[in-house]
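Visitor: following is a predicted model, sequence given first.
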Amino acid sequence: MPYKDLIQAFSRTNRIFDRDKRYGQIVTYQYPKKYKESINGALMLYTEGSEKQALAPTWDESILQFNNAEKKIIKYQGDQGIPITEAPLDDQKRFLKEYQDFDKSLGAIKTYNEFNNIDLEKDYGLDPMFIEDTRATYEVVKEKVREATGKDKPATEDDDQFDPDYELENTGRQEINYAYIVQLIQAYIPSDDKGNSKRTKAEVKEIDDYIENLGKNNKSLADIVNNLWFQIKFDPEKFRNKQVNELLQNMIDDAREDLIKKFADENGLNIDDLKFVIRHYDPNEVDHQQTGINALLSFKVFSGFRKTHPDMNMLQWKKKVRLGLNKFYKEQISPLENRD
């Protein structure tokens, strides 16, 4: 194969499609030695003799970059000192640059097989809550810096600490929206560690708009967030020193518990068995093969249900529960658990 065709084949395979397709893979089945020689020749030709300009970094190089970036991000754990959202502008810019480097390096190491042997929480202390909170903080700080420096102001040499147009690689838009809302509401709650937490009308409207936007994709979750937000606006002092993440999670857990109890009561089901099925529920699996479904729909359970529903036989009851369970999980339970 001519050198130009080799380079073109690599370029097409490695072409970025979306955030889930950031790299490709080329496998050779014949003549590996000759193939390697051709690749090296093509790289030498089209990089003017410097392979380093075209070759991807090794795993060792990539993990080293990640380790360096992670050390700069982990220091923000625990909100030590002044929160970065209230820090001076230069510190906020530095944080944006550090988080962008972290995001890029994390995306890079995910493309290697060696990443499967890494546990971010165990090996680095990067638990999901910290990652989510830091990502949300990034969005808040980015908006603050944008407003402070001018929305349409072009980048200058002083602003090259971070890329104002950079888009995060390791998150979905909905997850950002939810986490961002949490951070905005948190800033509204009074705290002994900070001064006046009163926000402007513009900031209040921003929260309202984000909740409305979340509701377009996840009404169930947005309703819970909006309920808490309404209570906080009405009496902020009532929530002094409270954590929005924890408050929301408790409300989500309560809502989920009420929904499960209602479904169990309507169908005469054992609530513990129903919780087990929901915990292991796979919407892509056929109804009668769901984990725990046989115990949930046992003759003993049906016997109790029939006492108040004598006109329904067991076959009709099983069909009703299976169909209802699928709809119940997809429309009511899954939205409460889905934030990405």
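Guide: In hand now; what should we look at? Numbers count the residues shown, from 1 in each chain.
Visitor: any regions of this structure where pLDDT drops low?
Guide: 1-8, 10-32, 43-56, 78-81, 151-160, 170-177, 194-199, 339-340 (pLDDT under 70).
Visitor: go again with 50.
Guide: The chain contains residues with pLDDT under 50 at 17-20, 51-53, 152, 154-159, 172-173, 176.
Visitor: max-length helix in it?
Guide: helix 244-267 (DSSP state H).
Visitor: contacting residues around that helix?
Guide: 129, 133, 182, 185-186, 189, 220-221, 224-225, 227-228, 239, 269-271, 274-275, 278, 305, 317, 320-321, 324-325, 328, 332-333, 336 (CB atoms under 8 Å, 6 or more residues apart in numbering). (Each C-beta comes from the backbone N, C-alpha and C, glycine too.)
Visitor: likewise stretch 225-232?
Guide: Stretch 225-232 has contacts (CB under 8 Å, 6+ apart) with 178, 181, 185, 188-189, 207-208, 211, 214-215, 238-239, 244, 247-248, 251.
Visitor: quick revisit: now the buried members of the contacts of helix 244-267.
Guide: Taking 16 or more other CB atoms under 10 Å as the criterion, what is buried in the contacts of helix 244-267 is 133, 182, 185-186, 189, 220-221, 224-225, 228, 239, 269, 274-275, 278, 305, 317, 321, 325, 328, 332-333, 336.
Visitor: go through these and flag which are in helices.
Guide: Short answer: these in helices (DSSP H) are 133, 182, 185-186, 220-221, 224-225, 228, 274-275, 278, 305, 317, 321, 325, 328, 336.
Visitor: how far off centre is stretch 92-101?
Guide: 19 Å (CA atoms, centre = their mean, to the nearest Å).
Visitor: list the buried residues of that stretch.
Guide: Across stretch 92-101, burial judged by 16+ other CB under 10 Å covers Q92, K93, R94, F95, L96, K97, E98, Y99, Q100, D101.
Visitor: report the two of those residues separated the most.
Guide: The span of the buried residues of stretch 92-101, defined through CB to CB, is set by Q92 and D101 at 15.2 Å.
Visitor: report the buried residues of the longest helix of the chain.
Guide: By neighbour count on 16+ other CB under 10 Å, the buried set for helix 244-267 is 244-245, 247-248, 251-252, 255-256, 259-260, 263-264, 267.
Visitor: CA atoms only for it, dumped as PDB, please.
Guide: Provided in PDB are the C-alpha atoms of helix 244-267 (Å, rounded to 0.1, in the frame of the first residue of the first chain):
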ATOM      1  CA  VAL A 244     -27.900  20.500  48.700                       C
ATOM      2  CA  ASN A 245     -26.600  17.100  47.400                       C
ATOM      3  CA  GLU A 246     -27.600  15.400  50.600                       C
ATOM      4  CA  LEU A 247     -31.000  17.100  50.800                       C
ATOM      5  CA  LEU A 248     -31.800  16.200  47.200                       C
ATOM      6  CA  GLN A 249     -30.700  12.600  47.600                       C
ATOM      7  CA  ASN A 250     -32.900  12.200  50.700                       C
ATOM      8  CA  MET A 251     -35.900  13.600  48.700                       C
ATOM      9  CA  ILE A 252     -35.100  11.300  45.800                       C
ATOM     10  CA  ASP A 253     -34.900   8.300  48.100                       C
ATOM     11  CA  ASP A 254     -38.200   9.200  49.700                       C
ATOM     12  CA  ALA A 255     -39.900   9.700  46.300                       C
ATOM     13  CA  ARG A 256     -38.600   6.400  45.100                       C
ATOM     14  CA  GLU A 257     -39.800   4.600  48.300                       C
ATOM     15  CA  ASP A 258     -43.300   6.100  47.900                       C
ATOM     16  CA  LEU A 259     -43.500   5.000  44.300                       C
ATOM     17  CA  ILE A 260     -42.400   1.400  45.000                       C
ATOM     18  CA  LYS A 261     -44.800   1.200  48.000                       C
ATOM     19  CA  LYS A 262     -47.700   2.400  45.800                       C
ATOM     20  CA  PHE A 263     -46.900  -0.100  43.000                       C
ATOM     21  CA  ALA A 264     -46.600  -2.900  45.500                       C
ATOM     22  CA  ASP A 265     -49.900  -2.100  47.200                       C
ATOM     23  CA  GLU A 266     -51.700  -1.800  43.800                       C
ATOM     24  CA  ASN A 267     -50.600  -5.300  42.800                       C
END
